[in-house]
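# Test case, fold it:
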Amino acid sequence: MGDERQALAVTLGLMLLVGGVLLLRETAGVWAAFGVGVGLVLAGYAALAVAREIAVRRWARRLRRG
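Here you go, the predicted model:
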């Protein structure tokens, strides 16, 4: 069940990203749309890395206390 929800979340996220970039391309231009699209993808990767680092630090803190 969790894998299906994760796949659905990724699919919806990609659809929103593509739709947003297409709308931005029509209103602001190609380079602005490219910059925003790449920025959103990089921010997503950075957010995952930060969340993983926080989880590891919490686990290590619990391990030291326990």
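
# tell me which helix or strand of the protein sits lowest on mean pLDDT?
Between all helices and strands in the chain, the lowest mean by mean pLDDT, DSSP states H and E belongs to helix 2-28, at a mean of 87.

# and that helix, how far from the chain's centre?
Relative to the chain's own centre, helix 2-28 is displaced by 10 Å; criterion: C-alpha atoms, centre = their mean, to the nearest Å.

# got it, and stretch 55-66?
25 Å.

# List the buried residues for stretch 11-24?
Using 16 or more other C-beta atoms under 10 Å as the test for burial, stretch 11-24 gives Val21, Leu24. Backbone N, C-alpha and C define where each C-beta goes, glycine included.

# contacting residues around that stretch?
Here stretch 11-24 makes contact (C-beta atoms under 8 Å, 6 or more residues apart in numbering) with Ala32, Ala33, Phe34, Val36, Gly37, Leu40, Val41.

# Restricted to buried residues, select these in PyMOL.
Entered in PyMOL, the line below selects the buried ones among these, by 16+ other C-beta under 10 Å:
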select buried, resi 33+36+37
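
# Let's see which of the contacts of stretch 11-24 end up in strands.
Applying DSSP state E to these, no entry is found in strands.

# Which pair of the contacts of stretch 11-24 spans the longest distance?
Distance extremes for these: the farthest pair is Ala32 and Val41 at 15.2 Å, using C-beta to C-beta.

# now the helix ranked longest in the chain against helix 2-28, angle please.
Scanning the chain for the longest helix, with DSSP state H as the assignment, gives helix 30-65. For helix 30-65 against helix 2-28, the angle by axes from the mean of the first three to the mean of the last three C-alpha atoms, to 10 degrees is 150 degrees.

# before we move on, the earlier item: could the contacts of stretch 11-24 be laid out in TSV, adding distance to Ala55?
Listed next are the contacts of stretch 11-24 as TSV, based on distance: C-beta to C-beta, whole Å:
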residue	distance to Ala55
Ala32	35
Ala33	33
Phe34	32
Val36	29
Gly37	28
Leu40	23
Val41	22
